[in-house]
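**Student:** Just need the structure, nothing else, for what follows:
(chains A, B and C)
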Amino acid sequence: MIVSNTCKRALPAVLAAPLVLGLMSGEVRAEVTAETAYILNTFSFLVHGVLVMFMAAGFAMLESGLVRSKNTATICLKNIALYSIAGIMFYLVGYDLMYTGVDGGYIGTLSFLYNPGDAELALLGADEASAEQLKAVTDAGYSVSSDWFFQMVFVATAASVVSGTVAERIKVWPFLIFVVVLTAVIYPVQASWVWGGGWLNEMGFTDFAGSTLVHSVGGWCALTGAIILGARKGKFGPDGRVNPLPGANMPLATLGTFVLWFGWFGFNGGSQLALGSAADATAISIVYVNTNIAAAGGVVAAMILTQIPYKKIDLSMALNGALAGLVAITAGPDLQNHAVSMLIGAVGGVLVVIFVPLMDKLKIDDVVGAISVHLVAGIWGTLCVGIFGAGSVSTQLIGIVAIGAFVIVTSSILWYILKMTVGIRISEEDEAAGSDMAECGMEAYPEFGRGSQTF
Amino acid sequence: MIVSNTCKRALPAVLAAPLVLGLMSGEVRAEVTAETAYILNTFSFLVHGVLVMFMAAGFAMLESGLVRSKNTATICLKNIALYSIAGIMFYLVGYDLMYTGVDGGYIGTLSFLYNPGDAELALLGADEASAEQLKAVTDAGYSVSSDWFFQMVFVATAASVVSGTVAERIKVWPFLIFVVVLTAVIYPVQASWVWGGGWLNEMGFTDFAGSTLVHSVGGWCALTGAIILGARKGKFGPDGRVNPLPGANMPLATLGTFVLWFGWFGFNGGSQLALGSAADATAISIVYVNTNIAAAGGVVAAMILTQIPYKKIDLSMALNGALAGLVAITAGPDLQNHAVSMLIGAVGGVLVVIFVPLMDKLKIDDVVGAISVHLVAGIWGTLCVGIFGAGSVSTQLIGIVAIGAFVIVTSSILWYILKMTVGIRISEEDEAAGSDMAECGMEAYPEFGRGSQTF
Amino acid sequence: MIVSNTCKRALPAVLAAPLVLGLMSGEVRAEVTAETAYILNTFSFLVHGVLVMFMAAGFAMLESGLVRSKNTATICLKNIALYSIAGIMFYLVGYDLMYTGVDGGYIGTLSFLYNPGDAELALLGADEASAEQLKAVTDAGYSVSSDWFFQMVFVATAASVVSGTVAERIKVWPFLIFVVVLTAVIYPVQASWVWGGGWLNEMGFTDFAGSTLVHSVGGWCALTGAIILGARKGKFGPDGRVNPLPGANMPLATLGTFVLWFGWFGFNGGSQLALGSAADATAISIVYVNTNIAAAGGVVAAMILTQIPYKKIDLSMALNGALAGLVAITAGPDLQNHAVSMLIGAVGGVLVVIFVPLMDKLKIDDVVGAISVHLVAGIWGTLCVGIFGAGSVSTQLIGIVAIGAFVIVTSSILWYILKMTVGIRISEEDEAAGSDMAECGMEAYPEFGRGSQTF
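**Tutor:** Model prediction:
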């Protein structure tokens, strides 16, 4: 059974019961005081949030490794820029839009410049805090700022998914404008439907840490972007041939995958949203185990599946297998059966091996395989909550379709507006010479190589 | 004096005393409730376990940097594959074999598919948990899943040690079969003798975080593998000359070392196995300081020792000096004298500078120096518990020899079976061209270089 | 208002009030016991300290990416060596000099071989600890060893700042001697003035996590070093032309920046020095948010500022913008207005874009831009505590000038002594061929490139 955690900002369970009562009765009962629980809940958000923050480095390295050297500086720039922009936009407008006043509906409140809560500032400002001041803070269960930080790094993750797919041919500034709208509006609105307590949450749709809300959302934006932008020159030959255009630096891609795996413990573990009770600590532990074993399942499945037909093991498939396993388990990492988790991850790995060449066949040029990893495995993982967990398959399907439709429509409109106005694609000459010289005025590896002209 | 922590799964000290009693008597006494201790113990396993997990990335980068570019994709693949396999095998069979029913003996119980404990599931499943349900969980001291996670990343570390030594000439699948047996059987059996409460633990053998149980075990497997596999073509000239075959990417090797150092705080700090009391928090703090200063001692000793004869400072020796210092302190990082810890680490650094060329002289081809770092410094560190700590040198020696003999025999048999059946070595042509094209069908750096043929 | 935290070793607020009293009175009041607070405070130092430790890897990667390939092995070596030396010197003499017996004065006590406190050892050694033994430890608020660890990684950070600026031309050993004196004497003496409770602390000078005490100190040493050492051959043409000498590996520089950003949450968050109360947890959460948004502001400001004149976005400016934003917020990350924090960071990014070319104009050769990032933005951030926070601008200025004067004088004397005795600069031939062959006897990338001779 999946113990669902549908609403991201639900108060932690620890607050429901009068926890310190037992102390008074003279019996030796295990318990946690409200202030200790508050500290632990807050610290969980911070520690796990820092791990998720580091996933920005993971995406940067994964994508740096999988693009050609002439486009590497640009992809580095886009990754640090999108992480920065995501944080600023979520501060300016996204957080309130996602969490304030949703009330079972379709959108939150438009307000600006989120800042620490009054009760928290009163506590910090008091020379000697009163019991009331303390209670006003601890009643919330955790520091609002720690929650803001944890949610912010999730927005950035959704944006990171997009950059890899559309690499090597998109202009930097239009891409960053896309990120502005994605992180300020598109992501917060659809996330409010579930984690903000909106209509999908009321319906019973469940997505523990964001297979759909984060990964598929990034994946849909990547898909619409790849179609509207078109393929890289030379990727698809006139005779239908698919040219591989291999990435320039596989150890960096491997590093990026390991960093993402590392950060994913924060992504899934922190999404328990509390650490203030034995139940929470236990639940997080189960989440860690499932997260790891699903990724491991994805790696092994992808390796076996590339070995059989090709007699070789494709490293990039093994890496994407890990990521697909991670994406797949993200909707329900609280599943209480590790064998099923391993299976969910393994199927994620299988899907990647199937969908990466399928995308090529459809002439959709996804530089890093992000659509197969984040969108396809994200859908699979979200369905698994219905198949193996406490959720309903049909409700999960409604959520997948609703969010998919919303993101396809809004992102397509946005890509088209950008295409029609500022343009989204670099010139053919710049693409041939590499976006690094055109966009950044520098080379990523000025001393290495047979020269970037060869590819 | 070393406060030994012989049995990995011993209940944390916090549970031995009636900790909340003081509260009843009206006096203001510092204390931690059982549930708070449970959360802190569990969180320590998770946070420290995540740090150890990241060591998989450290090994991948260290080895990627120290092999030649034509074998880099393969080493990346092996590292992500072995980490995945270790997790799966430890889940399928290893954990129970290591921890269940050892009772002073030589082996645990063979059972499959480890899953969360019934008490934990009952707590998570209850709408409102009873005091008994809570107590049933918190009495264990920590979540079993968090312990599983922490122990799993140790198994993976042992496997990581092997891959560097046998790089550049071993076939991928046979290597991975070796990892299957190592992580399912060889590692758990010998670890059960100490951390599972087996015969060596009863005898008083002490290994805080695994100088012997993890690092030397990996080192023995690396040694038998290197001998049975033979040296790389061109490493040892017909005239007895040793050709250096330098690594292709030293910044990655440096990064790998820093990542390992970073992760080692989890490795040693988490091996206190508890954070639920002031004594535990204090002990972990001392462990952190010793871990850092031993590594620092290893770096400085290795630098000075290479400067004197060669008038240059070998970067790879400095890196291996850090790792040797870390391995050496791992058996007793709870030593209460930091100067002694620095000395233990420094001697580790010295040993590496001596043993790396000695291995060459013995015509044992260790690509990354892992035998010197993990086996030699591991033996040294294990002896130090007897020399400087509370342990007995003779008991430590018995443990080193017993585990060494067991691993030498089992790993040799395994390597030989693999050699006789599927074969363990790539063809001479593939070795000359690089294993990347043969095993992975790709190049790690397709755009760089004077070409991998030159080496 | 900035809630200042002037003295690094001040007892955490949690100890000021009789925290468990409420329990006796029968009311349900949020609270944390002294032992739980001790554990949380200690664990905060350890977790945040580990993040700061990883900044050593960040600096190593940033600098590895920004130097030319022929000097890369040397910069890797210097980074692991300086981190090791910083730890050893702070153990041998620095910590006591910084924290013991300062008492409003100018320097602490000279004593050697810092070791764990007696009360802590007594607690660890006791079979069954008495309430008095426990109280003797928990009264300190945290484990002294955890504080040592946290402070040690700060010393190392100051030293890391220097190595990038003087890269590509300095001899390794003289540089390391400089690090010995910096970390044993220069850093601890000036830090004692503020965090050790010395005269600047008494005056009201405030530096939360070290914009001045850590970053500017490193920056001043880098500035005097760059001037006394002179520019790299070929950097400044005879006609006043500035040659760019681009870094060899921009993804590594990007990775380094992300790692530094990641570690900075430990740097600023841990500088709250406590986690044992709801107020502390809340304060740390605010620090995390400010740290992130200041860095984001720095990135975006630097990007816009390079786009306007050059029509391109310089990746290295974006990276340095992030770092400048981080340095700028470090003096006052407890500011309770995130918009102001974003502004502080953005101005930091602007300063970098102005000062990097200005340094070139002044013919000060700073290989990585560390003077602009750490010194200039550090001064700016320290002033901000007076401008936007509770501090006084004039007092902040006094601190900046006093510490600047002290470090300029002492570091200049030290650089001159080294120059006059052992020499600090490699030979012209070695500089042309690259310091890697001369100092390390190896190449960082032996298989790549058009050869290091071309640059």
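**Student:** host element of the residue lying closest to residue A:193 once chain neighbours are set aside?
**Tutor:** Among residues not flanking residue A:193 along the chain, residue A:200 sits closest, at 4.2 Å (C-beta to C-beta, 6 or more residues apart in numbering or on different chains). All C-beta spots, glycine's among them, are computed from the backbone N, C-alpha and C. In this structure, residue A:200 sits in helix A:199-203 according to DSSP states H and E.
**Student:** residues touching the residue nearest to residue A:193, list them.
**Tutor:** Neighbouring residues of residue A:200 by C-beta atoms under 8 Å, 6 or more residues apart in numbering or on different chains: A:193, A:194, A:398, A:399, A:402, A:403.
**Student:** what bits of chain A have low per-residue confidence?
**Tutor:** For chain A, the stretches flagged by pLDDT under 70 are A:1-30, A:112, A:450-455.
**Student:** For stretch A:435-447, report the contacting residues that lie outside it.
**Tutor:** Against stretch A:435-447 from outside (C-beta under 8 Å, 6+ apart): A:64, A:69-74, A:76-77, A:168-169, A:171-172, A:248, A:426-427, A:430, A:434, A:452, B:448, C:68-69, C:246-251, C:310, C:312-316, C:448-450, C:452, C:454-455.
**Student:** one more time with 7 Å
**Tutor:** Under the criterion C-beta atoms under 7 Å, 6 or more residues apart in numbering or on different chains, residues A:69-74, A:77, A:168, A:172, A:426, A:430, C:68-69, C:246, C:248-251, C:310, C:312-315, C:449-450, C:454-455 lie in contact with stretch A:435-447.
**Student:** Identify those among those that sit within helices.
**Tutor:** Secondary structure assignment (DSSP state H) places A:72, A:73, A:74, A:77, A:172, A:430, C:250, C:251, C:310, C:315 from these within helices.
**Student:** so how far is residue B:41 from the spatially closest residue to the first one that is not a sequence neighbour?
**Tutor:** In this case it means residue A:72. In this structure, residue A:72 finds its nearest non-sequential neighbour in residue A:444, 3.5 Å apart by C-beta to C-beta, 6+ apart. According to C-beta to C-beta, to the nearest Å, residue A:444 stands 45 Å off from residue B:41.
**Student:** Which single one of the contacts of residue A:200 is nearest to chain B?
**Tutor:** residue A:194 (21.6 Å; C-beta to the nearest C-beta).
**Student:** my read: that closest one touches residue A:212, true?
**Tutor:** No: Residue A:194 is beyond contact range of residue A:212, at 8.1 Å (criterion: C-beta atoms under 7 Å).
**Student:** ok, those two, which is more surrounded?
**Tutor:** residue A:212 (32 against 26; other C-beta atoms under 10 Å in any protein chain shown).
**Student:** What residues does the more buried one make contact with?
**Tutor:** Taking C-beta under 7 Å, 6+ apart as the test, what residue A:212 contacts is A:331, A:378, A:382, A:399, A:400, A:403.
**Student:** The nearest residue to it once chain neighbours are set aside: neighbouring residues, count only.
**Tutor:** Residue nearest to residue A:212 in three dimensions, not counting chain neighbours: residue A:382, with 4.5 Å by C-beta to C-beta, 6+ apart. Using other C-beta under 10 Å, residue A:382 has 31 other residues around it.
**Student:** Can you name the element that comes right after the helix or strand containing residue A:382?
**Tutor:** Assigned by DSSP H and E, residue A:382 belongs to helix A:377-387. From helix A:377-387 onward toward the C-terminus, using DSSP H and E, the following helix or strand is helix A:393-420.
**Student:** residue ranges of the helices in the stretch 151-300 of chain A, please?
**Tutor:** A:172-181, A:187-194, A:199-203, A:217-229, A:250-269, A:278-310 (DSSP state H, counting those that start in this stretch).
**Student:** Spell out which parts of the stretch 101-250 of chain A neighbour chain C.
**Tutor:** A:113, A:115-116, A:120-121, A:123-124, A:129, A:131, A:134-135, A:137-138, A:143, A:145-146, A:148-149, A:172, A:249 (C-beta under 7 Å from any C-beta of the partner chain).
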